[in-house]
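Chemist: Here is the input, now give the coordinates:
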Amino acid sequence: MQQDWKKYLGRMSSVIAISVLLWGCSKPESKVVRSDGLESLEFKYLGSPGVVTPLELAEDLGYLTPIKLSYQGVSTGGPQGIQSALSGDSDISSPSFAGSAVKMVASGVPGTVVIAAYGTFDDPFAGYYVLENSPIHSAKDLIGKKVGTNILGAQVEYMLKSYLKKGGLSPEQINQVTLVVLPPGSAEQALRSGHVYLAPLAGPAIERGGVRRLYRDYDLVGDLTTGSYVMANRYIAEHPNTTRKVVTGIAQAIEWSRQQPRDQVIARFEQILQKRKRPENGAMLKYWTQWGIPSSAGKFQDNDFKIWVDDLIEEGQLKSNQIDYKKIYSNQYNEYGRN
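Modeler: Numbers count the residues shown, from 1 in each chain. The predicted structure is shown next:
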């Protein structure tokens, strides 16, 4: 696992260098002065099949008007979403693991976390599962086994390592647990076919039975913001008013979802899927409970990132006091609740 993570960091460093070069060589955008101050009315983003994000809900509720979202394709995971925002392929990342954002800043990447996207909570529909008759009942049982993940360096990997550490495994033993990257939507099939021994599952896969939960994020970290939106610093500098409008709109959507009955939020999600007319399955929507963001309107405090910083320090990837939290995130563009 350690080797896989080093490969991921190597790839991330290459992407960072290319992204910075592209930003430096790109021509400045021609600006149209508008009475509302918005620098752009088109906002590029990545989506996920069968999922409605706070950004998409914000547009549907009218909180982004007159800005229109421009769908750029499917996000394969948080790290790829961050890379897309840094390179300018999208104007904002897909909802991305907060730990990836910390690594981004630690690597000197010109990006900023602007608002929360999701968090951990007491979710009855999600977790990391083995087959019901599996001999795996503890962290030590995973030594020498394959575990499914959506992408290396994302939340699944962090939570797995946390579970293994809490289970008493040494670094050498943790390295004997192999992460297998699975295509989107194939985790259940990979688990049931024996391709992997453990996989993240939710909703329908659990209802079909024959599986047993080994652990879940909430058991490891409690209520915590674990997902965030990242924007490139250059985009923010060139589009401060557009950034402010979008980030505040996301905050409004987060709070709207808290204030409505769950069934009404899900009904709105279903309408959004129908309107966007993409080839996708909305079966997961009925299992939505909340986004699990503990803070008001998706705003951040240093403590939201401390767990990830401490982990990097423990692994020797950061020195103590090396990270300036104010370079990781900013609440400056989130105007929800301000007078």
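
Chemist: Show me the strands in the stretch 51-200 of the chain, by range?
Modeler: Applying DSSP state E, counting those that start in this stretch to the stretch 51-200 of the chain gives strands spanning 68-74, 96-97, 111-120, 126-131, 146-149, 178-181, 199-202.

Chemist: Nearest to Asp217, out of these?
Modeler: strand 111-120 (4.3 Å; CB to CB). C-beta coordinates here come from the backbone N, C-alpha and C atoms, glycine included.

Chemist: What helices and strands are in contact with the closest one?
Modeler: The contact analysis (3 or more CB pairs under 8 Å, 6 or more residues apart in numbering; DSSP states H and E) places strand 111-120 against helix 78-87, helix 98-106, helix 217-221, strand 224-232, helix 233-238, helix 240-259, helix 325-328.

Chemist: model confidence over that strand, on average?
Modeler: Summarised as a single mean, pLDDT over strand 111-120 is 96.

Chemist: quick one: that strand to strand 224-232, angle?
Modeler: Strand 111-120 and strand 224-232 are oriented at 150 degrees to each other (axes from the mean of the first three to the mean of the last three CA atoms, to 10 degrees).

Chemist: Tell me the gap between strand 111-120 and the middle of its chain.
Modeler: The chain centre lies 8 Å from the centre of strand 111-120; the measure is CA atoms, centre = their mean, to the nearest Å.

Chemist: For it, C-alpha coordinates in PDB please.
Modeler: Below are the C-alpha coordinates for strand 111-120, written out as PDB (Å, rounded to 0.1, in the frame of the first residue of the first chain):
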ATOM      1  CA  GLY A 111      -5.500  25.700  -5.000                       C
ATOM      2  CA  THR A 112      -7.900  26.500  -2.200                       C
ATOM      3  CA  VAL A 113     -10.700  24.600  -0.400                       C
ATOM      4  CA  VAL A 114     -13.700  26.900  -0.600                       C
ATOM      5  CA  ILE A 115     -16.600  25.000   0.900                       C
ATOM      6  CA  ALA A 116     -17.600  21.600   2.400                       C
ATOM      7  CA  ALA A 117     -19.200  19.000   0.100                       C
ATOM      8  CA  TYR A 118     -19.900  16.100   2.500                       C
ATOM      9  CA  GLY A 119     -19.100  14.500   5.800                       C
ATOM     10  CA  THR A 120     -19.300  11.400   8.000                       C
END
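
Chemist: Please tabulate the strands of the stretch 51-200 of the chain in TSV, including the columns distance to Asp223 and mean neighbour count.
Modeler: Listed next are the strands of the stretch 51-200 of the chain as TSV, based on distance: least, CB to CB, whole Å; neighbours: other CB atoms under 10 Å:
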stretch	distance to Asp223	mean neighbour count
strand 68-74	29	14
strand 96-97	16	28
strand 111-120	6	26
strand 126-131	15	21
strand 146-149	23	22
strand 178-181	26	16
strand 199-202	18	22
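
Chemist: Any chance of CSV for those strands, columns distance to Ala190?
Modeler: Formatted as CSV, the strands of the stretch 51-200 of the chain follow (distance: least, CB to CB, whole Å):
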stretch, distance to Ala190
strand 68-74, 19
strand 96-97, 21
strand 111-120, 23
strand 126-131, 11
strand 146-149, 5
strand 178-181, 7
strand 199-202, 6
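
Chemist: Minimum distance to Ile254: which of those strands has it?
Modeler: Closest among those, using CB to CB: strand 111-120, at 7.5 Å.

Chemist: wait, Asp217 sits on Gly119?
Modeler: No: counting by CB atoms under 8 Å, Asp217 does not reach Gly119; the two are 9.0 Å apart.

Chemist: who touches both of those two?
Modeler: Thr226 (CB atoms under 8 Å, 6 or more residues apart in numbering).

Chemist: Look up how far Pro95 lies from Tyr146.
Modeler: Not Tyr; residue 146 is Lys. Separation of Lys146 from Pro95 (CB to CB, to the nearest Å): 26 Å.

Chemist: same question, Gly81
Modeler: Counting by CB to CB - Gly81 and Pro95 are separated by 7 Å.

Chemist: Looking at those two, which is more packed in?
Modeler: Gly81 (28 against 24; other CB atoms under 10 Å).

Chemist: That one: what's its closest spatial neighbour, skipping adjacent residues?
Modeler: Excluding its sequence neighbours, the residue lying closest to Gly81 (CB to CB, 6 or more residues apart in numbering) is Ser94, at 3.3 Å.

Chemist: how deep is the one you found tucked in, by neighbour count?
Modeler: For Ser94, using other CB under 10 Å, the count is 28.

Chemist: now do the one 10 residues further on
Modeler: Neighbours of Met104 under the rule other CB under 10 Å: 25.

Chemist: and it, how far is that from Leu312?
Modeler: Distance from Met104 to Leu312, by CB to CB: 12 Å.

Chemist: go on, Asn233?
Modeler: In terms of CB to CB, Asn233 sits 21 Å off from Leu312.
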